[in-house]
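Participant: what follows is a predicted structure for the sequence shown.
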Amino acid sequence: MTVILVLRGKEFEVKPGMCLRDSLRKINVVPESVLATRDGELITDDEILHNGEVVKLIAVISGGSV
Amino acid sequence: MKCRKCSDKAVINMRQHKLALCQEHFLDWLPSQVQRFIEKYKMFDHQDRILVAVSGGKDSLSLWDILWRLDYQVDGLYIGLGIDGEISYSDQSHNLAESFASERGLHLHVINIPDSYGVSIPELAQQTTRGMNKPCAVCGMTKRHIMNRIARDEGYNVLATGHNLDDEAAALFGNTLNWIPGYLVRQWPVLEAHHPGLARKVKPLCRIYEREMAAYAVLRGIEYVYDECPHALGSKTIYYKELLNQLEMDQPGAKLSFYLSFLQAKENGLFAPQADPGFERLHECPSCGQPTSNDGACAFCRMVDRLPIKSQLP
């Protein structure tokens, strides 16, 4: 009974039935710093995550000097 | 969550605006916002020739896409830095910028630092005091110099960069922590060309969150370099962005308000130009003609003059 979140090639397991926002906070990822895709589609953070799902996270922070 | 405009399924929720949108409406909304800020800050109009500095990242490629969709006269400039970092970072970025331009039939200028100066940015940095530990300062200075030169030589009067709100808020945060007057005085969506031959510098994405820019790139199918520049890992900018996002998580709109309050304070005269140590001290570099606050040659020309292989460019 798990949901897998993938961020930069690293997998995190969370319990199903939680919304994306709560799932991100469980794995200490600030929701404002990522986008999430399910089957290639962007999803909002109120989406409930179901058993067996794999959600791919896209880190959005970049930074250097310009 | 449903789209506020059509009730279809939303793909993004922008808590700072209390606005959720579907793909179609988000891809219309974002360029319309950028257009609004171009007008509000008097950045440019359809008569101007605009050069966009593209790194191959999500912000600069998306900015080019947006300005192209808004029918501006816009070309791109890619600067090859010679950064490998075991991920062929520069090669990857260059290929993505080239593909983006050719798919849309747009013109991309390419300047490759190792070809022009005989050394990569990390090698160049190693030969200077300012870049001994980290090449970011040398990289930034070199890019600014080349952007100014290409804009001047190729007749562009506007130079656009993909700085988003998170970039601006992080820079402001750093400058405020240290109360750096020069940077605070100069930080603004537009930097006017006070010198003949210099292009006006503009940041059309300065009020758009970085997360929204990433969503725009993904939804438009723009392929961008996902890997971070190997030298930016652990940078202060990224650290400040993470701190600001922590704040944003608990107070939606905090980043935007921080930046907008600063702009408002500046408009009300909080940071007088006289606070800038470089104020009114700019003169022309005798070597490249670009403005500098140094006596004699600018920092870039002095750096290049010390290289064993001299610049083959003017």
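Facilitator: Nice, I can see it.
Participant: pull out the buried positions in stretch B:229-247.
Facilitator: B:229, B:231, B:232, B:235, B:236, B:237, B:238, B:240, B:241, B:244, B:245, B:247 (16 or more other Cβ atoms under 10 Å in any protein chain shown). In short, each C-beta sits where N, CA and C put it, glycine included.
Participant: was I right to think the second one contacts residue B:137?
Facilitator: By that I understand residue B:231. No: using Cβ atoms under 8 Å, residue B:231 makes no contact with residue B:137, being 10.6 Å away.
Participant: now for the buried residues of stretch B:229-247: which two are most distant?
Facilitator: Greatest spacing in the buried residues of stretch B:229-247, by Cβ to Cβ: B:231 and B:247 (26.4 Å).
Participant: could you look up the SS state of residue B:51?
Facilitator: strand (DSSP: H, G, I helix; E, B strand; the rest coil).
Participant: check which residues of the strand or helix carrying residue A:55 are buried.
Facilitator: Using DSSP states H and E, residue A:55 sits in strand A:54-59. Neighbour counts over strand A:54-59 (16+ other Cβ under 10 Å) mark A:55, A:57, A:58 as buried.
Participant: filter those residues down to the ones near chain B?
Facilitator: residue A:58 (Cβ under 8 Å from any Cβ of the partner chain).
Participant: which single one of the buried residues of strand A:54-59 is nearest to chain B?
Facilitator: Minimum distance to chain B across those is 6.2 Å, recorded for residue A:58 (Cβ to the nearest Cβ).
Participant: quick check, pLDDT for the residue nearest to that closest one when sequence neighbours are not counted.
Facilitator: In space, and not counting its chain neighbours, residue A:58 is closest to residue A:35: 4.4 Å by Cβ to Cβ, 6 or more residues apart in numbering or on different chains. On pLDDT, residue A:35 comes in at 97.
Participant: neighbours around residue A:35, how many?
Facilitator: Neighbourhood size, residue A:35 [other Cβ atoms under 10 Å in any protein chain shown]: 22.
Participant: who in chain A is up against chain B?
Facilitator: A:30-35, A:37, A:41-47, A:58, A:60-66.
Participant: quick one: buried ones out of those?
Facilitator: For the residues of chain A next to chain B, buried by 16+ other Cβ under 10 Å: A:30-35, A:37, A:42-45, A:47, A:58, A:60-66.
Participant: that older thread, just the ones of the buried residues of stretch B:229-247 in strands?
Facilitator: When DSSP state E defines the strands, the subset of those inside them is empty.
Participant: what distance do you get for the residue nearest to residue A:58 to residue A:55?
Facilitator: 10 Å (Cβ to Cβ, to the nearest Å).
Participant: where does pLDDT dip in chain A?
Facilitator: A:63-66 (pLDDT under 70).
Participant: also chain B?
Facilitator: B:131-133, B:275, B:277-281, B:308-314.
Participant: so the residue nearest to residue A:58 sits in a helix?
Facilitator: No: counting by three-state DSSP, residue A:35 is located in no helix; its state is strand.
Participant: so who does it touch?
Facilitator: Residue A:35 sits next to A:42, A:57, A:58, A:60, B:12, B:211, B:214, B:215, B:218 when contact means Cβ atoms under 8 Å, 6 or more residues apart in numbering or on different chains.
Participant: equivalent analysis for residue B:158, please.
Facilitator: B:43, B:44, B:48, B:49, B:50, B:51, B:151, B:199, B:200, B:201, B:202.
Participant: ditto for residue B:61
Facilitator: Counting by Cβ under 8 Å, 6+ apart, residue B:61 has contacts B:54, B:96, B:97, B:100, B:162, B:217, B:222, B:224.
Participant: now the last one. Nearest residue, chain neighbours left out?
Facilitator: Distances taken as Cβ to Cβ, 6+ apart place residue B:58 nearest to residue B:224, at 4.4 Å, with adjacent residues excluded.
Participant: check the burial of that neighbour by counting its neighbours.
Facilitator: Neighbours of residue B:58 (other Cβ under 10 Å): 25.
Participant: who's in contact with it?
Facilitator: Neighbours of residue B:58 in contact, by Cβ under 8 Å, 6+ apart: A:60, A:62, B:213, B:214, B:216, B:217, B:222, B:224.
Participant: let's see 10 Å
Facilitator: A:58, A:60, A:62, B:162, B:164, B:210, B:213-218, B:222-226 (Cβ atoms under 10 Å, 6 or more residues apart in numbering or on different chains).
Participant: among those residues, which are located in strands?
Facilitator: residue A:58.
Participant: for the longest strand along chain B, name the packing helices and strands.
Facilitator: Looking across chain B with DSSP E, the single longest strand is strand B:73-80. In terms of contacts (3 or more Cβ pairs under 10 Å, 6 or more residues apart in numbering or on different chains; DSSP states H and E), strand B:73-80 is packed against strand B:49-54, helix B:58-69, helix B:89-104, strand B:108-112, helix B:113-117, helix B:136-153, strand B:158-160.
Participant: ok, which of the ones you listed comes nearest residue B:185?
Facilitator: helix B:136-153 (17.3 Å).
Participant: find the residue at the geometric middle of chain A.
Facilitator: Among the residues of chain A, the one closest to the centroid is residue A:57, at 4.6 Å (Cα atoms, centre = their mean).
Participant: give the bridge partners for that residue, please.
Facilitator: residue A:7, residue A:36 (DSSP bridges).
Participant: that one: what's it in contact with?
Facilitator: A:5-8, A:10, A:12, A:20, A:24, A:27, A:29, A:31, A:33-37.
Participant: before we move on, back to that, and the contacts of residue B:158 as a markdown table, adding distance to residue B:283?
Facilitator: Listed next are the contacts of residue B:158 as a markdown table, based on distance: Cβ to Cβ, whole Å:
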| residue | distance to residue B:283 |
| --- | --- |
| B:43 | 27 |
| B:44 | 27 |
| B:48 | 27 |
| B:49 | 27 |
| B:50 | 27 |
| B:51 | 25 |
| B:151 | 20 |
| B:199 | 19 |
| B:200 | 20 |
| B:201 | 19 |
| B:202 | 24 |
